[in-house]
Every structure is written in structure tokens, then in C-alpha cells.
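# The amino acid sequence is not available; the structure is as follows:
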């Protein structure tokens, strides 16, 4: 079976038959000849011997089916076709060079559109900081933020570029850990359990509010525990205000809990140690490994999470 890369090359060759027959390195020799108007000076510029440069000229004449240069008393003068070729090359060679060189990514000049899927809980803490950095460093870039529900299938189908998730990563995708932090519990200021150590028994006998947290519930279930969840809510932002007005307890990762604590009259206390820790990663497809904008965004996210909570 022919590989994908070989198929692409065959298609290009079939489409550009003249390229297949040509030696594109000769074009640099042509440029040197027409600018120097001397085989000797062109050879010196190309770090070739004079006989080797003469062979380059012979091959160029064969390739273009034209004499290209006429010897005169003042040196070589280009033919009409040579002048036309040179005019085209002045535009093409810089573009080909830019195409082949390793691009130096400049965030301030970038206008890429990047699609990020994340849980709502990442949005509470990360997204305000991330978008603030983008506005400062890459004002022309666009970022689309969607629900984590698109998940791994969205990455494989090239519908999203980057996934921020606490799920276990399939082997066919790339991932980099962002953080591991404890779970915290949010309670109203006059909650009956506030001021007492939140043991696992007290935690499990209390009533809870939960967002979309299947991994936390799976973790508890594997240990033989279950929360008494009275309210489920997809959007994390109202959780703090609901906790403030009820005896419900919310369990969230440290950074998200701390952010919600700032928005309402509530207190944050450590969750029981038996619950474990919250792990978060950024996940992408290998097709984006070396994409400059994608690499820059991953670096910015990594740096943001490395900052103090």
C-alpha cells in the first residue's frame, strides 16, 4: 500500500510535470549569472570552480531552450527570455525561501484561529487570564472556546485544536500535564460543618451541589463512596451564589474553588483526603506538534498554570 506522503508527492509530480524534469538548484546559479554578468564572478559567488559554473550555464540553456546570455565587450547580456525569467524569479525565490525556512513565530503579527475545548471549570480560572494574555501578546489571533464534550473525537476529526481535560488520554493523542491539585469544598459562612474538620463521614452525610463532574463521582464510586447530590448544574459560575444561600457543599479543584470564593460570601475548606487530587492536562493531535501558533498557545497555557493559584 502506498503511504499518504508518497501519494501526495505523486499527485504533485503529475500536476507539475516541468518541476519533475528540472533541477531547481540551477535557478540560484541563473540568478548569480544574470546579476554578476560574468561566469567567473558568478562562480566565486556560488563557491564553484569556473568550469563547474560553465556547466551550470550549459544546463540552464538546455532547461530553458534558450541561449540566455550573449557575450559582449562589457560582459554577458541577458536575452529577452532571460530577463523575463529573472523578473519572475525575483518574486518567486523569496517566497520559496520563506516556505522552506523554519518560521519564526511572532505572536504580535499572528492572525491564526485556534479552537480550544475545555470544561466549564477551566473557564472560571484559566480563560480570563489566557484571553488577557492573548489580547496583550497576540491581539490579531482568534480563539474559539467550546465545551469539553467534543473531547477526543473532536481532536481526531480536526474540529478542535486543543483539549483541556482531566480525562485519561488515549495513546494516539499527545498530552502534557498542567497541574495536580487538591479538591476543596465551598460552604456558606454559617454552615453547620464550618469550623469542624471535614471528615469523610461528615462529607458523605452532607448535601451537595455538583456540576458536570463525572470523574469525581467515578473516583468516589471506585472507593465505594457516593455523594448526596441535591442539585446538578452545568455552569459553574452560579455555584458560589447557590452555596451562599443553602447548606449545600460544592467540591471543586483548588483554583476554581478559590476563584468562586472571591465572588460570593462563602468559605473554602480542604476536602477529605480520601477523595484524592484533581489532575489536568492539555491534549492535542500529532498533526499540530510543530505548528508554530499551536506550540505558542500550549506554552502560554503551561506558563499560566505554572503561576501561583
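Everything's here; your move. These numbers were taken from a predicted model, which means no experiment stands behind them.
# If you count neighbours, what's buried in stretch 28-38?
Using 16 or more other Cβ atoms under 10 Å as the test for burial, stretch 28-38 gives 29, 30, 31, 32, 33, 34, 36, 38. Glycine gets a C-beta too; all of them are placed from N, C-alpha and C.
# how near is residue 269 to residue 230?
19 Å (Cβ to Cβ, to the nearest Å).
# neighbour-wise, which of these two wins?
A direct count of neighbours by other Cβ atoms under 10 Å for residue 269 and residue 230 places residue 269 higher, at 17 against 13.
# which residues are in contact with the helix or strand harbouring residue 115?
Residue 115 belongs to strand 113-118 when assigned by DSSP states H and E. For strand 113-118, the surrounding residues in contact (Cβ atoms under 8 Å, 6 or more residues apart in numbering) are 126-127, 141-151, 154, 159-165, 293-294, 297.
# Report the buried residues of it.
114, 115, 116, 117, 118.
# Give me the helices and strands touching the helix or strand following it, please.
Downstream of strand 113-118, the first helix or strand assigned by DSSP H and E is helix 120-137. Applying 3 or more Cβ pairs under 8 Å, 6 or more residues apart in numbering; DSSP states H and E, one finds that helix 120-137 makes contact with strand 142-147, helix 254-263, helix 292-306.
# Residue 283: which of these is closest?
helix 292-306 (10.2 Å; Cβ to Cβ).
# For residue 215, grab phi and psi.
phi -70, psi -40 (degrees, to the nearest 10).
# quick one: contacts for it?
166, 167.
# Now restrict the contacts of strand 113-118 to buried residues only.
126-127, 141, 143, 145, 148, 154, 160-165, 293-294, 297.
# Name whatever forms a beta bridge with residue 278.
residue 181 (DSSP bridges).
# now do residue 228
Counting by DSSP bridges, the residues bridging with residue 228 are residue 207.
# Hmm, it is touching residue 203, no?
No - the criterion here is Cβ atoms under 8 Å, and residue 228 misses it with residue 203 at 10.0 Å.
# Output the helices and strands packed on helix 120-137 as a markdown table; include the columns distance to residue 49 and mean pLDDT.
Converted to a markdown table, the helices and strands packed on helix 120-137 look like this (distance: least, Cβ to Cβ, whole Å; pLDDT from 0 to 100):
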| stretch | distance to residue 49 | mean pLDDT |
| --- | --- | --- |
| strand 142-147 | 53 | 87 |
| helix 254-263 | 66 | 91 |
| helix 292-306 | 40 | 89 |
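# Now do the helix or strand harbouring residue 82: distance to the chain's middle.
Using DSSP H and E, residue 82 maps to helix 80-100. Taking the mean C-alpha point of helix 80-100 and that of its whole chain, the gap between them comes to 33 Å (Cα atoms, centre = their mean, to the nearest Å).
# one step back: closest one of the buried residues of strand 113-118 to residue 68?
Nearest to residue 68 out of these is residue 114 (Cβ to Cβ; 47.6 Å).
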